[in-house]
Structure formats: C-alpha cells, structure tokens
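Chemist: Pasted the sequence and its predicted model underneath.
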Amino acid sequence: MAFSSNDSTGQLADILPVTAHLFNNSGTAVSLFDDQDRLLYGNDQYYSLICHTRGSHPTWPEIVRDNYAKRQGLIVETDDIELWIQTALAKRRTQNYRQFEVDAWDGRWLLMTETLIPGGGLLDIGVDITQAKNMTTALKQEYQNALVKAETDLLTDMGNRRALERLRKILMSKGRHFQVTALMIDIDQFKPYNDTLGHLQGDICLQQVARVIRSTLRVGEAYPIRLGGDEFLVLMLGAPLALAQQVAQRIRNGVRRSAIPHPATGSGLVTLSMGLASREIIDSESFASLLKDADDALYEAKRSGRDRINGLQGGPDQT
C-alpha cells in the first residue's frame, strides 16, 4: 500500500492495529508521514517529543518549527530555522534508508532511522541511545585520561618519552616545516647529590627543579619533558632563539631563587647546565639532529665548568 495524503489515521489503525499497539510499547519513537510530509501516525513516545497533542496531524516542517520555538523535542542548532528546514527537506526521501544521531532538549540521545515507503510515505523510528552514548563518552574520557597518564612522568608531572614521540609524530604529520628550539637541562653533580643525601631526597630535588621549569613556562609557549634521570628537555615550536634564551634564563634564575642545598657544588646550591639548539624540522632525521645538537651544547656547558647556558648568541652564559 502507498501511504499518501489520501490515507487516514483511521485506515492506518484498521490496517496495523497490532503494529500500532507494539509501537506504543516498544520504547521507541515511531512516526509515519505521508507523501506531503504530514504526520499520519505517531506513537506515544513520538508525541512526547513534539509540541502537538496526541492525535493531531501537523506537517514535518510545522513540527520542527514549533519545537525550535519552544525548545522542545530534538535540538536544532541554527540561526535561520526556515533555511534549516529547507536544507533538511532536500535530504528527506533522497535515500531508501537513512540513519543519524540527534539529541533532544531533555538530555536524551536518539538514533533516528528514516525508511522510504513506496508512494512517498516515510517511516521514522527513534531509538533511545542515551545510556550507550553516555557510556561511550565515559570510555573516551577514560581513554584520554589513560593516554595522559601514559605520557606523563609520575615523579615530575612532565611529559615523558612517549609524549616526546607523539609530539614528533604530530610535527611530521603537519606536512610543513617548523622552526623548533630545544633546551636540554641537566642538574649539576646530581650523582654526588644522590650519593650524599639519598635517592628519596634526590626525587624531591627533581620535583623542585621540575616545578621551577613548569612554572617558568607560559601556557602554549613550550613543552617540558623529563627524558630520564636528572635530564630535562624543553621544546619550543616556532619560537625565535631570543625567546628561547629568555626561557633558559628564567629557568636558571628560578632555580637560583629556590636555593636548593647541594653539598657537592662550590656554591652549596643546586645549579643547572643547559644546551640550546634550533633547527627547521622537515623530517624525523632533522628532529633527531636537533636533539643531538642540544645535547652536544649541554655537554659543552658541563665541560666548560657547569652552571651555564651554552648555545646562546655570543657564546656561553656564565652570569
């Protein structure tokens, strides 16, 4: 049978009395529209979504327009409801079967299906998927939390080598060249510090230095990473060398102000050696070369007497 505007709700009730009863007890929102997009049948769940009394037969555009005005039923996000309706009408009846997700003003999510009936009728069925949607959202959040934990050094709350690898992959996926500056940081005479004060105090020292590094960096300015032991890395994307120099000086001054006691240094305080390097990153090889350059600069700072920044324009800083 073709469902057209000549059919009536009474005829439908005669043809599908058992089906209509099942629809009302199915927990789904069921509606049937004729070839003029007028509502021929809606079960109780469907009428609970729309701004019309049970048994009324509005057209689909009228339902959407009224729900939009009263903020009821399915959410429509638009500044021009008439344009939205015209766009949506152009999609209706273009496929024999269509499926999509929508959310409602009462907080529910529904999986909607539209099935084209010979003669122009349209059967809409909305299944409540709120619980599944919420579970999916929760699982995604749990996954994101686990990902963050997997890429975070638990001792210092910095990124770890996994985070560094993900950052490298992100740079490679951009398909464009980036100027990246790397700052390698090493705590001077850290092994004697551990040997003298013990590993527990060594962990506290690492946390203090890491806290200075994190608090010194501005949000979005750089990415702090603990490579392992007492070696840290700060990566700055698109930052000019002058800014990287300022970051290095801020970190160094911050550790000095912290005045962390160190029994094995000449000053009696914890100091840092740093190495700066900058490169245009075009592939994995150039990224690896950047880290090596910064590591070489760090080694030179330590070889030259420690407590200094190597790689600054004009040579090592010892002030």
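Modeler: Perfect, thanks for sending it. Numbers count the residues shown, from 1 in each chain.
Chemist: Residue 297 reaches residue 276, doesn't it?
Modeler: Yes - here residue 297 reaches residue 276: they are 5.8 Å apart, a contact under Cβ atoms under 8 Å. Heads up, the C-betas are built off the backbone N, CA and C, glycines and all.
Chemist: what residues do the two have in common as contacts?
Modeler: Taking Cβ atoms under 8 Å, 6 or more residues apart in numbering as the contact rule, residue 297 and residue 276 both touch 184, 310, 311.
Chemist: quick one: which of residue 297 and residue 276 has more around it?
Modeler: Taking neighbours as other Cβ atoms under 10 Å, residue 297 and residue 276 compare with residue 276 leading, 26 against 22.
Chemist: what's around residue 62, how many residues?
Modeler: Other residues within reach of residue 62 by the criterion other Cβ under 10 Å amount to 18.
Chemist: Confirm it sits in a helix?
Modeler: Yes - according to DSSP: H, G, I helix; E, B strand; the rest coil, residue 62 belongs to a helix.
Chemist: List the residues that contact residue 93.
Modeler: Neighbour list for residue 93: 116, 120, 122 [criterion: Cβ under 8 Å, 6+ apart].
Chemist: same question, residue 272
Modeler: When contacts are counted by Cβ under 8 Å, 6+ apart, residue 272 is found next to 185, 186, 187, 188, 209, 251, 252, 255, 307.
Chemist: try 7 Å
Modeler: Contacts for residue 272 were tallied using Cβ atoms under 7 Å, 6 or more residues apart in numbering; they are 185, 186, 187, 188, 252, 255.
Chemist: Can you list phi and psi of it for me?
Modeler: Geometry field for residue 272 lists phi and psi as phi -120, psi 150, criterion degrees, to the nearest 10.
Chemist: Secondary structure element holding the closest residue in space to residue 263 that isn't next to it in sequence?
Modeler: The shortest distance from residue 263 to any residue that is not its chain neighbour, by Cβ to Cβ, 6 or more residues apart in numbering, is 5.1 Å, and that residue is residue 196. Assigned by DSSP states H and E, residue 196 belongs to helix 190-197.
Chemist: Identify each buried residue in that helix, please.
Modeler: Residues 190, 193, 194, 197 are the ones in helix 190-197 that count as buried (16 or more other Cβ atoms under 10 Å).
Chemist: Excluding chain neighbours, what is closest to residue 310?
Modeler: Ranked by Cβ to Cβ, 6+ apart and with sequence neighbours excluded, the top spatial neighbour of residue 310 is residue 301, at 3.7 Å.
Chemist: Now do the phi/psi pair for the closest residue to residue 277 other than its chain neighbours.
Modeler: For residue 277, ignoring the flanking residues on the chain, the nearest one in space by Cβ to Cβ, 6+ apart is residue 293 at 3.5 Å. Summarising the backbone geometry of residue 293 under the convention degrees, to the nearest 10, its torsions are phi -60, psi -40.
Chemist: Between all of the buried residues of helix 190-197, which two are separated the most?
Modeler: The widest separation within those, taken as Cβ to Cβ, falls between 190 and 197 and amounts to 10.6 Å.
Chemist: who are the neighbours of the strand or helix carrying the residue nearest to residue 310, in terms of helices and strands?
Modeler: Residue 301 is part of helix 284-303 when elements are defined by DSSP H and E. For helix 284-303, the elements it packs on are helix 161-173, strand 178-187, strand 272-281, strand 309-310, judged by 3 or more Cβ pairs under 7 Å, 6 or more residues apart in numbering; DSSP states H and E.
Chemist: again, only this time at 10 Å
Modeler: helix 161-173, strand 178-187, strand 231-237, strand 272-281, strand 309-310 (3 or more Cβ pairs under 10 Å, 6 or more residues apart in numbering; DSSP states H and E).
Chemist: Could you dump these into a markdown table with mean pLDDT and distance to residue 76 added?
Modeler: Converted to a markdown table, those look like this (pLDDT from 0 to 100; distance: least, Cβ to Cβ, whole Å):
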| stretch | mean pLDDT | distance to residue 76 |
| --- | --- | --- |
| helix 161-173 | 87 | 35 |
| strand 178-187 | 93 | 41 |
| strand 231-237 | 94 | 40 |
| strand 272-281 | 93 | 45 |
| strand 309-310 | 92 | 58 |
